[in-house]
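K.L.:
Predicted model and sequence below, questions to follow.
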Amino acid sequence: MATLEGDARFDIAVIGAGFTGLSAALHAAKSRASVCVLEAGEPGWGASGRNGGQVIAGFKLDPDEIVEKYGEARGERLIALGDAAANLVFDLIQRYGISCGARRSGWIQAAHGPAAMETVAECARQWAERGAPVEILDSAQVTHLLGAEGYAGGLLDWRGGRLQPLAFARGLAAAAIKEGAVVSARTPVTAMTRKDGLWHLETPAAHIIAEKVLIATNGYTGALAAPLGHSLVSVASFIIATRPLSPNFRATILPEGHVMSDTRKLLTYARLDDDGRLVVGGRGGFSDPVRDRDFAHVDKALARLYPLAAVEEIAFRWSGRVAITRDYMPHYHEPAPGVSALVGLNGRGVAMATALGRAAGLVLATGDRHPMPLPALPVRPIPFSALKRFYLPIVTQWFRFQDHRSALRESSE
C-alpha cells in the first residue's frame, strides 16, 4: 500500500478509508475512473475497523417511515438499497476472497419489553410485506437463540450476519487496489482548494489534483470539513471481548451463531467470533474511553446478558466513533461543485456504508445520479453544535435513566 508523494492527478479523490470511502473507490475504479483514497491513518482505522462487526440490512427507520419521509418513488429505492445492503457485503467477501470471519446466520433484534415488542413486530410485518426473510420470535425462542433471558420476544432477520470489521476494511482496500485504485495510508489532507475547475488537495508529502472529491470521514470529520462535522453527533461505541470461551460454555451462548442487538435507547449488542470470544458492545458518551472503568456500562450489560461470561477475563476493550444524524438517516451532500459527502450511518455502518459508498462511487465515476437514492441535502449544523461536548453526556444519562425505568416497569408487571 503506497503513501502518495509528490504531484499526482486523478479523476476522483476520496478522503477517508473506511467502508464508505473504500467501497466508493472500489466501484468507481471498476467503472474505469482513476481514483485515490487518502487516509490519515490506516484503512479501517476509524469506526469501520472498530465496531461490533454486525452486518444488518436496512436503515434505522422502518420501511413505511422511509416512504412517508421521502415519498413513494424515492422511498422504495432507499428501501431496496437497504434490503440488498447485506447481500452486497457478503457478495464482495466472496468475490474478492476477503478473509474476515464472515458468517451469515441471521440478526436478532431483541425486544426489551412488551411495548418494544409491538414496535419490533410492526417492523417485521413491513419487511415481510416486501418479501424479506424475517420472522417474529416469542420470548422462549429469543431466550433459546440468545442463551439469555429477559426479553419479550424479537425479530429474526436472516439477511444479517457478522464479520471481523478491520479484516473486512483491509479486504476492501485490497479489492480497490486490485481494481486499479490507489489507497494511500498516513496521508492526512490538510487543505483543499478549487482552482481552474479542479480540486487541489494538500497532504504532508503530496499535492493531489482531482476533478471530483468524496468526503467519507463520518464520525471523524474534522476541521477540513468543519460545517459537515457540525451537522453530526459523533458518539463513542464501546466494545469488549472475552478470552476464548470453553467449547461447552460457548455452546450455550448464541448457540446457532446469530448476532443480536436489543431495543434499548442505549442498546446492547453481542456476537461470538471465530475463536469463541464473546464480543459485547453498547453506546457510550461523547468522549473516547481512556480507562477500563469507562467501559463499566458494557461490563454491566455483559453481566446482565451472560452472568457466567462476566466472570471470564476481558481480553480486549476498544471503541469507535459513530456518527448520528438528527433524523437517524444517512445524509448525502454536494456542498461545492465537484464535492460530495456521505455521512451519518447511525450505527448501521457495515452494510449501509458499503452499499451507499458503492452508490456514491458510481455517481462520481459515471455522472449518473440514479444509483444514489438519497437526496442531496444542504449541510445544516445542529443547533448549539459547539456545546455538544457538554449536553451529550446529559442526554446519555437521560437515555440510561429511561432504560432503567423501563426495566423496572416491565419487571413489576
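P.N.:
The structure has been received and is ready for your questions.
K.L.:
element containing Met260?
P.N.:
strand 259-262 (DSSP states H and E).
K.L.:
could you pull out the strands for the stretch 201-350 of the chain?
P.N.:
All strands of the stretch 201-350 of the chain, identified by DSSP state E, counting those that start in this stretch, fall at 206-215, 233-242, 259-262, 268-272, 278-283, 314-324, 331-336, 339-343.
K.L.:
would you turn those strands into CSV with distance to Leu305, mean neighbour count and mean pLDDT?
P.N.:
For glycine as for every other residue, the C-beta is placed from the backbone atoms N, C-alpha and C. Putting the strands of the stretch 201-350 of the chain into CSV (distance: least, C-beta to C-beta, whole Å; neighbours: other C-beta atoms under 10 Å; pLDDT from 0 to 100) gives the following:
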stretch, distance to Leu305, mean neighbour count, mean pLDDT
strand 206-215, 37, 21, 98
strand 233-242, 12, 22, 92
strand 259-262, 9, 25, 97
strand 268-272, 6, 25, 97
strand 278-283, 7, 24, 93
strand 314-324, 14, 19, 93
strand 331-336, 33, 18, 96
strand 339-343, 31, 25, 97
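K.L.:
Any chance of JSON lines for those strands, columns distance to Arg186?
P.N.:
Output for those, formatted as JSON lines (distance: least, C-beta to C-beta, whole Å):
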{"stretch": "strand 206-215", "distance to Arg186": "11"}
{"stretch": "strand 233-242", "distance to Arg186": "22"}
{"stretch": "strand 259-262", "distance to Arg186": "33"}
{"stretch": "strand 268-272", "distance to Arg186": "31"}
{"stretch": "strand 278-283", "distance to Arg186": "28"}
{"stretch": "strand 314-324", "distance to Arg186": "19"}
{"stretch": "strand 331-336", "distance to Arg186": "26"}
{"stretch": "strand 339-343", "distance to Arg186": "22"}
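K.L.:
And these: which comes nearest Arg291?
P.N.:
Distance to Arg291, taken as C-beta to C-beta, is lowest for strand 314-324 among these, at 9.6 Å.
K.L.:
What strands flank that closest one, and is each parallel or antiparallel?
P.N.:
strand 233-242 (antiparallel) (DSSP bridges).
K.L.:
now the partner strand: how far from the chain's centre is it?
P.N.:
Per C-alpha atoms, centre = their mean, to the nearest Å, the displacement of strand 233-242 from the mean C-alpha position of its chain is 12 Å.
K.L.:
for stretch 334-341, same thing?
P.N.:
Stretch 334-341 has its C-alpha centroid displaced from the chain centroid by 22 Å (C-alpha atoms, centre = their mean).
K.L.:
Tabulate the CA atom coordinates of it in CSV.
P.N.:
What follows is stretch 334-341 as a C-alpha-only set of coordinates in CSV (Å, rounded to 0.1, in the frame of the first residue of the first chain):
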residue,chain,number,x,y,z
GLU,A,334,-22.9,18.2,-2.5
PRO,A,335,-21.5,21.2,-0.7
ALA,A,336,-19.5,22.6,-3.6
PRO,A,337,-19.0,21.9,-7.3
GLY,A,338,-17.4,18.5,-7.7
VAL,A,339,-17.5,17.7,-4.0
SER,A,340,-19.9,15.2,-2.4
ALA,A,341,-20.0,13.9,1.1
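K.L.:
Identify all contacting residues around that stretch.
P.N.:
The contact list for stretch 334-341, computed with C-beta atoms under 8 Å, 6 or more residues apart in numbering, reads 194, 197, 199, 211-216, 225, 227-228, 331-333, 360, 363-364, 376, 379.
K.L.:
Neighbouring strands - and their directions - for the strand holding Met260?
P.N.:
Counting by DSSP bridges, the strands paired with strand 259-262 are strand 107-111 (parallel), strand 268-272 (antiparallel).
K.L.:
will you turn those into CSV that also has distance to Ala2?
P.N.:
Below are the strands paired with strand 259-262 laid out as CSV (distance: least, C-beta to C-beta, whole Å):
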stretch, distance to Ala2
strand 107-111, 37
strand 268-272, 34
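K.L.:
looking at those, which is closest to Cys100?
P.N.:
Using C-beta to C-beta, the strands paired with strand 259-262 put strand 268-272 closest to Cys100, at 13.2 Å.
K.L.:
now the angle from that closest one to strand 278-283?
P.N.:
Strand 268-272 runs at 160 degrees relative to strand 278-283, counting by axes from the mean of the first three to the mean of the last three C-alpha atoms, to 10 degrees.
K.L.:
just how off-centre is strand 268-272 within its chain?
P.N.:
The answer for strand 268-272 is 15 Å, by C-alpha atoms, centre = their mean.
K.L.:
Good, wrapping up.
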